[in-house]
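K.L.:
Make a model of this:
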Amino acid sequence: MTARVVFVTGTGTDVGKTVATAAVTAVALAAGRRVAVLKPGQTGVAPGEAGDADEVVRLARGRGGAHAVTVRELARYPEPLAPDTAARRSGLPTVGPEQVADAVADLATSHDLVLVEGAGGLLVRYDERGHTLADMVLATAARGLGAEILLVAAAGLGTLNVTALTAQALRARGLGTLGVVIGAWPAEADLAACCNLADLPSVAGAPLLGALPEGAGGAADFPALARAALAPQLGGHWDAAAFTAAHQVPLP
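P.N.:
All right, here's what the predicted structure looks like:
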């Protein structure tokens with residue numbers, strides 16, 4: 001069986017990539033799949049501290065903690081900056097597309113699902129040559145691995161522009177989008193967020209595949225929340241059409 005490889009990127013920082021990665025991980029673990037989480041470049045975390053991949057594992061295991069997840073981090077930089085900038089300032093080596101493709105190919109031999117969580121948005125630079133997560137996807141695909149891209153977006157005002165720009169950048173490189181997940185759906189959604197449910201799939205050119213509630217990382221039963229917040233394409237039972245209809249706002 002060929003491993004499924006999914007690169008998780010966002011429309012920017014703090015849009016919920018790590019929680020979304022954890023949700024996909026949790027659902028896959030519950031289905032009995034062997035999961036690996038790869039973080040090419042972790043920034044803003046000191047040696048010995050828990051990084052994004054560790055947070056994915058903590059959330060995905062849930063209260064039982066019985067499921068094993070393979071975690072691999074290729075580089076770590078102490079300052080919370082773009083990986084290339086953080087590497088230069090720290091004097092540490094950068095990470096390039098081939099290193100990521102090598103790691104994915106290795107993990108794919110012993111796992112059913114390999115999730116690669118990027119830093120910031122799609123075009124954040126990782127090395128001195130300006131390589132981005134998009135280049136890592138291309139390098140992985142060149143190995144014959146079916147790399148997919150999951151885009152995590154914010155819910156509210158301003159998200160349509162950055163989502164459209166990200167989708168445009170992917171298309172320019174011959175890459176598509178598996179779908180869009182809203183990283184933090186507010187408890188009290190405003191008019192913009194409600195309207196964006198219908199508009200996000202249009203500007204992304206890809207389906208809406210989930211909406212994780214704001215504060216999902218603190219859920220008592222995160223795996224159950226993940227199943228309820230992700231669409232069947234990601235292993236859950238969330239219904240995009242029903243969710244969108246439930247949040248429609250009538251015209252004045």
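K.L.:
Tell me where the chain has helices.
P.N.:
17-30, 52-61, 83-90, 97-108, 133-141, 159-172, 191-204, 222-229, 240-246 (DSSP state H).
K.L.:
so the helix or strand bottoming out on mean pLDDT in the chain versus helix 17-30, what angle?
P.N.:
Least confident helix or strand of the chain, by mean pLDDT, DSSP states H and E, is helix 52-61 with a mean of 90. Counting by axes from the mean of the first three to the mean of the last three Cα atoms, to 10 degrees, helix 52-61 lies at 40 degrees to helix 17-30.
K.L.:
what about helix 52-61, distance to the chain center?
P.N.:
13 Å (Cα atoms, centre = their mean, to the nearest Å).
K.L.:
list the buried ones in it?
P.N.:
Asp52, Ala53, Asp54, Glu55, Val56, Val57, Leu59, Ala60, Arg61 (16 or more other Cβ atoms under 10 Å). All C-beta atoms are positioned from the backbone trio N, CA, C, and that covers glycine.
K.L.:
what does stretch 75-85 give?
P.N.:
Ala75, Arg76, Tyr77, Pro78, Leu81, Ala82, Pro83, Asp84.
K.L.:
Same check on stretch 147-161?
P.N.:
Ala147, Glu148, Ile149, Leu150, Leu151, Val152, Ala153, Ala154, Ala155, Gly156, Thr159, Leu160.
K.L.:
Among these, which pair sits farthest apart?
P.N.:
Ala147 and Gly156 (29.5 Å; Cβ to Cβ).
K.L.:
how about low-confidence regions in the protein?
P.N.:
1, 63-67 (pLDDT under 70).
K.L.:
Looking at the helices of the chain, spot the one closest to Val69.
P.N.:
Comparing the helices of the chain by their distance to Val69 (Cβ to Cβ), the top pick is helix 52-61, with 4.8 Å.
K.L.:
so what does that closest one touch, helix or strand wise?
P.N.:
When contacts are defined as 3 or more Cβ pairs under 8 Å, 6 or more residues apart in numbering; DSSP states H and E, helix 52-61 packs onto helix 17-30, strand 35-39, strand 69-73, strand 113-121, helix 222-229.
K.L.:
Glu98 contacts Ala142, doesn't it?
P.N.:
No. With contact defined as Cβ atoms under 8 Å, Glu98 does not count as touching Ala142 (9.5 Å).
K.L.:
Of those two, which one has the most company?
P.N.:
Glu98 (15 against 12; other Cβ atoms under 10 Å).
K.L.:
Next step: the buried residues of stretch 147-161 restricted to strands.
P.N.:
Ala147, Glu148, Ile149, Leu150, Leu151, Val152, Ala153 (DSSP state E).
K.L.:
which one of those sits closest to Leu113?
P.N.:
Among those, and counting by Cβ to Cβ, the member closest to Leu113 is Glu148, at 10.6 Å.
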